Structures are given as structure tokens and as C-alpha cells.
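Engineer: This is a predicted model, with the sequence first.
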Amino acid sequence: MVHAIRPTRTSARCGFTLIELLIVVTIILVLVSLSVAGVMKVLNLQQRRNTEQTVSKLDKGLAQQWKAVIDTAKTEQVNPIAQGLAGNDALGNNRARVIHILMCLRREFPTNFTEATQTLNWPGVGSFAPNPAYVRALSGASAASLGRPPEDQSSACLYLALKQRRRGIDFDPDTGLSSGELYDRFNDGLKEISDGWQRTSNPSIPIIFNRWPASGYGAGVGNPPTPAIGTLQPFNAANPPDKEDPEGLLANLGWQQWLVQQNLVATFQTNVGYPLASPPQGASGPYQYTLTPVIISLGSNGKYDQGIQGADDIINFQLR
């Protein structure tokens with residue numbers, strides 16, 4: 001018997017069509033992009049947490065140093081410049097002590113290299129020398145490093161201030177901060193304090209410091225309902241805005257008028273560098289600035305944008 005040989009059937013599909021390949025590739029790209037976005041989100045969150053930890057450590061060290069300087073200044077002999085600026089009214093001696101404390105804070109917590117090395121002078125009255133440790137630290141720096149941007153100067157000055165061995169201090173930035181939080185950008189021994197952000201452009205933006213933020217970085221920043229740092233507030237004896245002048249002696253309108261009459265406003269600003277608070281137009285009674293020292297990380301974008309929607313700056317008082 002002869003059997004007919006039937007042809008074998010081959011599959012009609014021997015591979016993916018072009019459309020199916022495009023669909024698969026698209027799905028893979030979507031999954032990859034989602035994975036990358038998730039990884040970037042996790043990295044960004046970790047960098048922010050690292051920066052918050054750095055700012056918190058700096059805030060603790062600064063608080064110790066700030067208190068130590070004030071405690072020492074309260075027991076020192078008042079500098080003649082402070083005495084000369086205080087006026088001759090019944091509160092002159094108390095006001096001179098406040099001005100002396102502020103001069104000490106200016107000397108010990110400079111925000112730039114000029115402040116760190118400047119000798120304050122009032123011809124015929126007296127002088128006020130800078131901290132010798134700061135002068136020594138800056139004497140060996142090159143002209144290029146001394147001309148570094150304001151942000152870098154501010155960060156280097158904060159490092160120098162935190163390095164001082166004052167009484168009751170248990171924070172040393174060289175041991176209290178990691179190698180990733182400190183860097184010597186200009187290779188001159190003047191360290192700066194870095195935040196935790198790893199940026200593709202200008203990755204080494206330092207953490208900055210403003211001693212009395214009535215202008216510049218930190219001016220007017222707020223954390224409601226706390227009154228904005230660097231803004232004018234009516235003087236309240238029960239809760240004064242300026243903790244360094246709890247009696248409002250520098251808010252006294254009579255003394256401020258005396259400064260104007262004696263042409264001493266410029267002398268006060270040159271030697272003290274402290275913003276005098278005058279009442280807004282139409283207001284009555286004394287006013288003070290809220291001038292809590294501010295430590296700021298400029299965030300992932302490297303820009304000071306506090307108060308703007310989407311701001312990512314990290315500020316010390318927000319972490320307390």
C-alpha cells in the first residue's frame with residue numbers, strides 16, 4: 001500500500017514583529033527610567049539627611065562657642081570704644097557692656113577674612129585687636145585663596161571659630177566632622193565645611209554662616225510661627241527679639257538720636273557691625289531685630305532660595 005506523504009506544517013511565526021519589538025523596548029525604557037528616578041530619589045533623600053546631620057552638629061558646636069564668648073565678655077573690662085559709644089545717660093554703663101559683648105562676638109565669629117584680621121580703631125579713644133589665631137591661620141594663605149568667593153570665606157571663618165579651645169567646649173570640627181564634611185579647596189590649610197549634596201556642576205558649595213542676618217544670606221528667613229530671622233520686631237521686655245540685648249538698650253530711641261547728633265552712627269557700624277533697629281515709619285516705641293546666628297546649606301541647587309516655593313535650603317534653627 002502506498003501512503004501519501006503529507007507535508008509537515010511549519011509555524012507561521014518565526015520571530016517578533018517590529019511593532020512588538022518596539023513595545024518591548026518601550027516597556028524596558030519605562031522600567032529603567034522608573035528605576036533611575038527611584039534611585040535618584042533615594043540618593044537625594046540620603047544627601048539631605050547627611051546635610052541635616054552636618055548642620056545639626058555645627059549648630060551644637062556654634063551654640064557652645066557663642067555662649068563661651070558671651071560668658072567671657074561679661075567678665076572682661078569694657079573696651080574704651082564700647083564705653084565711648086554707649087552715651088552718658090543713666091543706662092550708659094549697661095549699654096557699654098552690651099556693646100562690648102557684641103564687639104567680642106564680631107571678633108570671634110567673623111564672616112569674611114577682612115573681619116577676621118581687622119584691628120578696630122577709634123582715634124583718640126582705643127582699639128580692638130582681632131583674634132591672633134585667625135591672623136596666624138590667614139597669614140600663610142596665598143593671595144588666590146584669600147580672594148576666594150564670599151561663601152567660601154564664610155565657611156572657612158566658621159571652621160576657624162569652631163576650632164577655638166574655649167572653656168566648656170567639647171566640639172572640635174576636625175574630630176566631630178567626617179573627612180567628607182571638611183575639605184581644603186585651595187590646599188592652603190584653610191578648611192571649609194561641605195554639605196552632603198553631590199552636584200554635577202560646582203559640587204563643592206560650602207555651608208555658610210551669617211552672624212547677624214539682617215542682610216545677605218539668612219536675612220528675613222522664617223519658620224512660622226517663629227518670627228523671621230533678621231526682621232524687625234517691636235521690643236517686648238517679657239520676650240525680647242534680640243537675646244543679646246534683652247533690656248533693649250540699643251533700641252532706646254534717645255540713645256540712637258544721641259548717636260546721630262554726635263555723628264557716631266558710622267563709628268558704631270565700623271567698630272560693632274551691628275544693625276541698629278529704628279521703628280518703621282508711623283510706628284511708636286522701640287524695635288529690635290531678631291538676629292539668631294544662621295548656618296545655611298544652599299541645598300541641591302546650590303542657590304539661596306529660602307522662602308521661594310520648592311526651596312531646599314537647610315537652616316540650623318529649622319532642625320531644632
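Structural biologist: That came through fine. Residues are numbered from 1 along each chain as shown.
Engineer: how about low-confidence regions in the protein?
Structural biologist: 1-16, 35-42, 199-204, 223-225, 307, 309-310 (pLDDT under 70).
Engineer: so where do the helices sit in it?
Structural biologist: 18-75, 80-85, 92-108, 113-117, 132-139, 143-146, 150-163, 173-176, 253-261, 265-272 (DSSP state H).
Engineer: from the middle of its chain, how far away would the first one be?
Structural biologist: A distance of 18 Å separates the C-alpha centroid of helix 18-75 from that of its chain, computed with Cα atoms, centre = their mean, to the nearest Å.
Engineer: Which of the helices of the chain sits closest to Ala311?
Structural biologist: Of all the helices of the chain, helix 18-75 sits nearest to Ala311, with 12.6 Å by Cβ to Cβ. From N, CA and C alone the C-beta is placed, and that goes for glycine too.
Engineer: tilt between that closest one and helix 150-163?
Structural biologist: Helix 18-75 and helix 150-163 meet at an angle of 50 degrees, taking axes from the mean of the first three to the mean of the last three Cα atoms, to 10 degrees as the criterion.
Engineer: what helices or strands is helix 18-75 leaning on?
Structural biologist: Applying 3 or more Cβ pairs under 8 Å, 6 or more residues apart in numbering; DSSP states H and E, one finds that helix 18-75 contacts helix 92-108, helix 150-163, helix 173-176, strand 294-297, strand 314-315.
Engineer: Tell me which of these lies nearest to Asp305.
Structural biologist: strand 294-297 (10.7 Å).
Engineer: distance between the closest one and the chain's centre?
Structural biologist: Worked out by Cα atoms, centre = their mean, strand 294-297 lies 3 Å from the chain centre.
Engineer: partners of it, with directions?
Structural biologist: strand 208-210 (antiparallel), strand 314-315 (antiparallel) (DSSP bridges).
Engineer: got the contact list for it?
Structural biologist: Outside strand 294-297, the residues that touch it by Cβ atoms under 8 Å, 6 or more residues apart in numbering are 51, 54-55, 58-59, 62, 158, 195-197, 207-210, 213, 217-218, 221, 229-230, 304, 306, 313-317.
Engineer: can we see that at 7 Å?
Structural biologist: 51, 55, 58-59, 62, 195, 207-210, 213, 217-218, 221, 229, 313-316 (Cβ atoms under 7 Å, 6 or more residues apart in numbering).
Engineer: which of the residues you listed are buried?
Structural biologist: 51, 55, 58-59, 62, 195, 207-210, 213, 217-218, 221, 229, 313-316 (16 or more other Cβ atoms under 10 Å).
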